[in-house]
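K.L.:
Need coordinates for the below:
(2 chains)
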Amino acid sequence: MVKRYTSMAYKNADDMIFGTAVHPVKAELGLEVGAGYVTAEVNYAPRPEAGVSKEKLVSEYRKLTTDILARAVQIGFPAVSLETEHVEQMTNNPTWGGEIAHVQKTILEEYHEEYGIKCGLRHTPGDIREDRDLLALIGKKYDTLMESFEAVADGGADFLSIETMGGKEVFDYAVLRNDVPGMIYSIGCLGGMDMEMIWTDITKIAKKKNRISAGDTDCAQANTAMFVGGGLLDKNLAHTLAILARVIAGSRTLVGYESGAVGPGKDCGYENTIIKAITGCPIAQEGKTATCAHADVMGNLTMQCCDLWSNESVEYHGEFGGTSVQCWSQTLNMDAALMNTAIQTGNAKMLRDLMCLSDKYRDPQGYVLAYDNAFKVGQAIVKDGNDLYLRAKNAVVETIKILEASKKEGKLLMSRFEQNALADAKASIDALTNEKDTFMSDSLAKYKAEVKVFRPEANYKW
Amino acid sequence: MDIDPSKILVRYNVQKEKAQSPDQMAAEMFPKAEPARTIAKAIYDGEEDEVIEGLEKAIGKGADAIKLIDDVLMPGMKIVTDLYDQGVIFLPNVMMAADAMLEGIEYCKESSGSAPKPKGVVVCHVAEGDVHDIGKTIVAALLRADGYKVVDLGRDVPVDEVIAAVKKESPMMLTGTALMTTTMYAFKEINDRLLESGIHIPFQCGGGAVNQDFVASYQLGIYGEEAADAPKMANAILAGKGLAQLKDMFHKH
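P.N.:
Sure, this is the predicted structure:
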């Protein structure tokens, strides 16, 4: 049985700051995360043609790891962390991921030994638990996934992470139909159940191998909503609904920490400010430095409370300024240097607020994720922390309240469409029961009938 | 600390919002005559039961079920897709309207015991190794909403299966979506295998990490930047556009 969060790690939103967490974590090669400084976390993807064999993949990761470290010492950065998000071959063949982790860690060790640079390595196996059109969350694929975690831990990965997909089969249906109760069911309830299962097991592996159970992100669902929502002029999803998916993800991602994760949370978890407020664990974030991977409407704001600062992912190739990983790692490290200078000169809160305010009114998503509002969402979640359904619903109710209250202030301008979508969401939430059992059985019947790929008995531990 | 955001950013979506609401604009587009008006409104509202109820009444009064598909359901859906193309309504409205319209088509088919002729057949798939299929789901829905028969192969589809489906269905177009750069290489293999078999249909590719440069590197590839490009491309093919013209039309960068 996991221990649910029913209180906040921070007393006040204003206490939250980049570079410092209530519970810092320490990696093997001197790197501490959340211990008073921000570090770049560099992300990359191999060129597609490198995936044809294990040898080519290993070689690709050897080159790009060396490139990142070489640039870090050339420019004089005190620390750097790397994240390897697996291509599917590396997880499906656990020895591949294990060998790559080992090769990367060896390079980090060599640089650490020669220059004293503090280093960290995160490995993120892919969530391979699917069987063509169906999720296969429990069974053989799950066992292979756990073998992959064992292998990368043996290989030397400090931080163990994953982007899990529990609930996605229902979410993909719900999000395209403006179905907010469906989002609560898929992300908050089904996602939460899957998270509890998988993070309990990842944490066991981390403890056994003396590694760090780092945390998850609701990339599969909340980021899908954010990307479907797109830019200001896109017409695929109201951004007021995208932020509702995000705050529900706050409740869902929290389950990882309740099951033993300690951070640093995954970079693309835009819900991470909520997570940090509740758990006090360090977080990775991405924003303006992730434009190599995607566009979003809050590139500065996400730096507000980060402990690792990431670029999400960039394909390894040449640029005018070096290889892509060198260029982006340098940008990340420069941002980290600025934040660390602000910390040392006592201006951290000033810089945090500048970064936050530059995006806060750009979009409903940034407005709610601004640290003061994210803190309120966190409070709403822990109010009923023991109930996965109620706390996800609370997050939605609080978010609607925050957005409605913004109208008085008049700084966040919402289109009529965004406001109507919010009003429809409120009506659907007001009509919901407060009884988890009723909600769960009603939703089970509804989505079993409507979503043909939903196989609740096979995929979730009820 | 706080700011006046008006000098920092512009919410162009608010600035550009039309004076008329989507409902008002739709109401002006609904046909005047009944039962078309009631059914078109039910499609716009995504109300499946009301669509069926309207069709039931019309058939009860002697209307031809298959003719209702062409004369009432498809024009009703076109109002929705036109409003979407104009940026007036959002994708979930289209999805819910398409659900309602497709239910209506099924009802008409059952009532008449025959099936209407689609505008054309399109095979859709997600690249082998890729499980991200929401883009494909949207593409398939928009094509169906425009009157095409979609053969949906699902996600993580092996190259052999795509080739076999194209040979079996003889589609006017193939679509492929992928989120990851590592999986999109399957598109090139599909292109080569189609050419080996002497098949020269447009192969529309898009999604996540797929970019125009990559798609333009193989002969049959046409880049689809947005899901809404899929029915536009199918309509262009029906209008007689060939591969070179499609590339001119859809390769925007």
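K.L.:
Would you tell me which residues of the stretch 101-250 of chain B are close to chain A?
P.N.:
Residues of the stretch 101-250 of chain B found near chain A (Cβ under 8 Å from any Cβ of the partner chain) are B:129, B:131, B:133-134, B:137-138, B:141, B:154-157, B:180-182, B:184-185, B:209. Every C-beta, even on glycine, is put in place using the N, C-alpha and C of the backbone.
K.L.:
From the residues you listed, which land in helices?
P.N.:
Among these, the members found in helices (DSSP state H) are B:134, B:137-138, B:141, B:181-182, B:184-185.
K.L.:
pLDDT added to those, as a markdown table?
P.N.:
Converted to a markdown table, those look like this (pLDDT from 0 to 100):
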| residue | pLDDT |
| --- | --- |
| B:I134 | 90 |
| B:T137 | 92 |
| B:I138 | 92 |
| B:A141 | 92 |
| B:T181 | 72 |
| B:T182 | 73 |
| B:M184 | 86 |
| B:Y185 | 86 |
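K.L.:
Buried only: go through those for me.
P.N.:
For these, a burial check counting by 16 or more other Cβ atoms under 10 Å in any protein chain shown picks out B:134, B:137-138, B:141, B:181-182, B:184-185.
K.L.:
Please read off the pLDDT at residue 232 from the model.
P.N.:
In the absence of a named chain, chain A is used. pLDDT for A:L232: 95.
K.L.:
wrong one, I was asking about chain B
P.N.:
For B:K232, pLDDT reads 95.
K.L.:
List of residues touching the particular helix or strand that has it in it?
P.N.:
For B:K232, the element it lies in under DSSP states H and E is helix B:229-238. Residues from elsewhere that reach helix B:229-238, judged by Cβ atoms under 8 Å, 6 or more residues apart in numbering or on different chains: B:81, B:119-120, B:122, B:139, B:142-143, B:145-146, B:148, B:172-173, B:175, B:202, B:204, B:206, B:222, B:224, B:245-246, B:249-250.
K.L.:
just checking, what packs against whichever helix in chain B runs longest?
P.N.:
Scanning chain B for the helix with the most residues, using DSSP H, yields helix B:91-112. Applying 3 or more Cβ pairs under 8 Å, 6 or more residues apart in numbering or on different chains; DSSP states H and E, one finds that helix B:91-112 contacts helix B:36-45, helix B:48-60, helix B:65-68, helix B:74-85, helix B:134-145.
K.L.:
mind running it again at 10 Å?
P.N.:
helix A:168-175, helix A:224-229, helix B:36-45, helix B:48-60, helix B:65-68, helix B:74-85, helix B:134-145 (3 or more Cβ pairs under 10 Å, 6 or more residues apart in numbering or on different chains; DSSP states H and E).
K.L.:
For the residue of the stretch 151-253 of chain B found nearest chain A, list the residues it contacts.
P.N.:
Of all residues in the stretch 151-253 of chain B, B:G154 sits closest to chain A, at 4.2 Å by Cβ to the nearest Cβ. Applying Cβ atoms under 10 Å, 6 or more residues apart in numbering or on different chains to B:G154 gives the contacts A:132-134, A:453, B:124-126, B:131, B:133, B:136-137, B:161.
K.L.:
Output those in JSON lines, with distance to A:M90 appended to each entry.
P.N.:
Shown next, in JSON lines, are the contacts of B:G154 (distance: Cβ to Cβ, whole Å):
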{"residue": "A:R132", "distance to A:M90": "20"}
{"residue": "A:D133", "distance to A:M90": "23"}
{"residue": "A:L134", "distance to A:M90": "23"}
{"residue": "A:V453", "distance to A:M90": "26"}
{"residue": "B:C124", "distance to A:M90": "28"}
{"residue": "B:H125", "distance to A:M90": "24"}
{"residue": "B:V126", "distance to A:M90": "20"}
{"residue": "B:V131", "distance to A:M90": "16"}
{"residue": "B:D133", "distance to A:M90": "22"}
{"residue": "B:K136", "distance to A:M90": "25"}
{"residue": "B:T137", "distance to A:M90": "27"}
{"residue": "B:E161", "distance to A:M90": "24"}
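K.L.:
Give me the subset of these lying in strands.
P.N.:
Judged by DSSP state E, those include A:134, B:124-126 as members of strands.
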